[in-house]
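[1] got a predicted structure here, sequence first:
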Amino acid sequence: MRFYVRKRRTTPAVIIVALIDVLIVLVIFLLVTTTFKQQQYMVKLAESSQAQKLGANENPPLEIIIASDGKYSVGKLPKTIGDIKSELKVRVQQDPNLVLAINAASNAPWGNVVEIRDAAAEAKVKTLIANIKQLPKQ
């Protein structure tokens, strides 16, 4: 009987240079495909003679303005917190879906905003909007 001596197999070697080449090609492919120029298309929308503008049939919100010195006004009329509470109750009775918008100056006292929010909750106002100024894009 003949016995063969097994030769030791060499462990497979990974050729790193080839893998780096493949990696570079993939990176170049991704860079080229993700930097396409954005195109803008002019789309002419369908027209309708029966269409209404969004919000055309909704009631405008009741706007309460809080100045930087903490004074309240509804529209252009200065009001106290008591006047605002009573006016909110009357307006909610007239329109249960009343929308209240708060416009507060950036340096207005936070306590005044909380007072208006509490008055709105007390009068059972369902929708409260806090208007903000959008920052310009940089």
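    Looks like it arrived, so ask away.

[2] state the mean pLDDT of the host helix or strand of Ala18.
    Secondary structure assigned from DSSP states H and E places Ala18 in helix 16-33. What helix 16-33 shows for mean pLDDT is 88.

[3] I'd assumed Lys126 was in contact with Cys97.
    Small correction: residue 97 is Asn, not Cys. Yes - applying Cβ atoms under 8 Å as the test, Asn97 and Lys126 come out as touching, 6.5 Å apart. C-beta coordinates here come from the backbone N, C-alpha and C atoms, glycine included.

[4] so what's the gap between the helix-or-strand element of the chain with minimal mean pLDDT and the chain middle?
    Lowest on mean pLDDT, DSSP states H and E among the helices and strands of the chain sits strand 127-130, with a mean of 85. Relative to the centre of its chain, strand 127-130 is centred 15 Å away, using Cα atoms, centre = their mean, to the nearest Å.

[5] run me through the strand neighbours of that strand, direction for each.
    Within its sheet, and counting by DSSP bridges, strand 127-130 is paired with strand 99-104 (parallel).

[6] so which residues make contact with the partner strand?
    58-59, 61-66, 88, 112-113, 116-117, 120, 125, 127-131 (Cβ atoms under 8 Å, 6 or more residues apart in numbering).

[7] pull out the buried residues from that strand.
    Residues 99-100, 102-104 are the ones in strand 99-104 that count as buried (16 or more other Cβ atoms under 10 Å).

[8] swap in stretch 122-129?
    123, 125.
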